[in-house]
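Colleague: quick one, structure for this:
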Amino acid sequence: MNGLFITIEGPDGAGKTSVVNELFPRIQLIAKRGIVKTREPGGVKIAEKIRKIILDPRNEEMDDRTEALLYAAARRQHLVEVIMPALNAGKIVICDRFVDSSLAYQGAGRRIGIPEIAKINEFATEGLKPDFTLYLDVDSDTGLKRIENSRHGEADRLEIESLEFHQRVRHAYLKLAEEDPIRIHKVDARMSLQEVVDASFTAITEAYPQFF
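Modeller: Residues are numbered from 1 along each chain as shown. The predicted structure is shown next:
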């Protein structure tokens, strides 16, 4: 593969989607390759349908392992339809969430175990890993307050989980970043949106100047 695979990660309320939406056009202006913006779960028709099932707060009976498997299934379909073709064509892919999310949310948040979730996703992705990951870090209290202020009672099935759940997710992310400092670049998401976007832009372009 000749492309560049960049993922954006972080706990709920870190502002990932807002950052991606602001970051993408700035990178697009200077990119020397074609560039694709996508998200997980979702990005393609089948995966978007799975996303609705996973995140629907009415699906209270969903088993934790079912949830983990659905994420992996959506990821596989997204991978074969969008990510792999783009990377094989030498493009830059910017993806809102990838395997790290499953490790943090289902591995730690749901307490299934990070090694167990890693195995499921190893199968789903055939071992594909991002070249570079921006981890937008925010404490759980701040993240949940942001969700409450922005969603107006329409939070999804994971966002409405307990504070303790979200704290486990964040601690898992921090551990992943500590264990893989070359790939995972941490950004303080408590800053303003513009400051987070600026820091993210600088991190990406300095890490891979040959693409920009």
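
Colleague: the one helix or strand in the chain whose mean pLDDT sits lowest: how far from the chain's middle?
Modeller: Across the helices and strands of the chain, mean pLDDT, DSSP states H and E gives its lowest value to helix 140-151, namely a mean of 84. Taking CA atoms, centre = their mean, to the nearest Å, one finds helix 140-151 lying 18 Å from the centre of the chain it belongs to.

Colleague: what's in contact with it?
Modeller: 11-15, 138, 155, 159, 163, 166-167, 169-170, 190 (CB atoms under 8 Å, 6 or more residues apart in numbering). (Glycine included, C-beta is placed from N, CA and C.)

Colleague: report the contact partners of the most centrally placed residue in the chain.
Modeller: In the chain, the residue lying closest to the centroid (CA atoms, centre = their mean) is Arg97, at 1.4 Å. Residues near Arg97 by CB under 8 Å, 6+ apart: Thr7, Ile8, Glu9, Lys16, Arg39, Glu40, Pro41.

Colleague: mind putting the residues you listed into TSV with neighbour count, distance to Asp131 and pLDDT?
Modeller: As requested, the contacts of Arg97 are exported to TSV (neighbours: other CB atoms under 10 Å; distance: CB to CB, whole Å; pLDDT from 0 to 100):
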residue	neighbour count	distance to Asp131	pLDDT
Thr7	25	9	98
Ile8	26	13	98
Glu9	26	14	98
Lys16	23	18	94
Arg39	20	18	97
Glu40	22	16	97
Pro41	24	21	96
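
Colleague: any idea how far Glu158 lies from Gly15?
Modeller: If you look again at residue 158, you'll see it is Leu, not Glu. Here the criterion is CB to CB, to the nearest Å. By it, Leu158 lies 16 Å from Gly15.

Colleague: compare these two (neighbour count), which wins?
Modeller: Gly15 (25 against 19; other CB atoms under 10 Å).

Colleague: wait, that one sits on Val196?
Modeller: Yes. Between Gly15 and Val196 there is a contact at 6.5 Å, judged by CB atoms under 8 Å.

Colleague: where do the helices sit along the chain?
Modeller: Under the criterion DSSP state H, helices of the chain are mapped to 16-30, 45-55, 64-78, 84-88, 99-102, 114-125, 140-151, 163-179, 193-207.

Colleague: average pLDDT for the shortest one, rounded please.
Modeller: It stands for helix 99-102. Here helix 99-102 scores 98 as its mean pLDDT.

Colleague: helices and strands around that helix, which ones?
Modeller: strand 4-9, helix 64-78, helix 114-125 (3 or more CB pairs under 8 Å, 6 or more residues apart in numbering; DSSP states H and E).

Colleague: on that earlier part again, nearest to Asn2, out of the helices of the chain?
Modeller: Evaluated with CB to CB, the helices of the chain place helix 84-88 nearest to Asn2, the distance being 7.5 Å.
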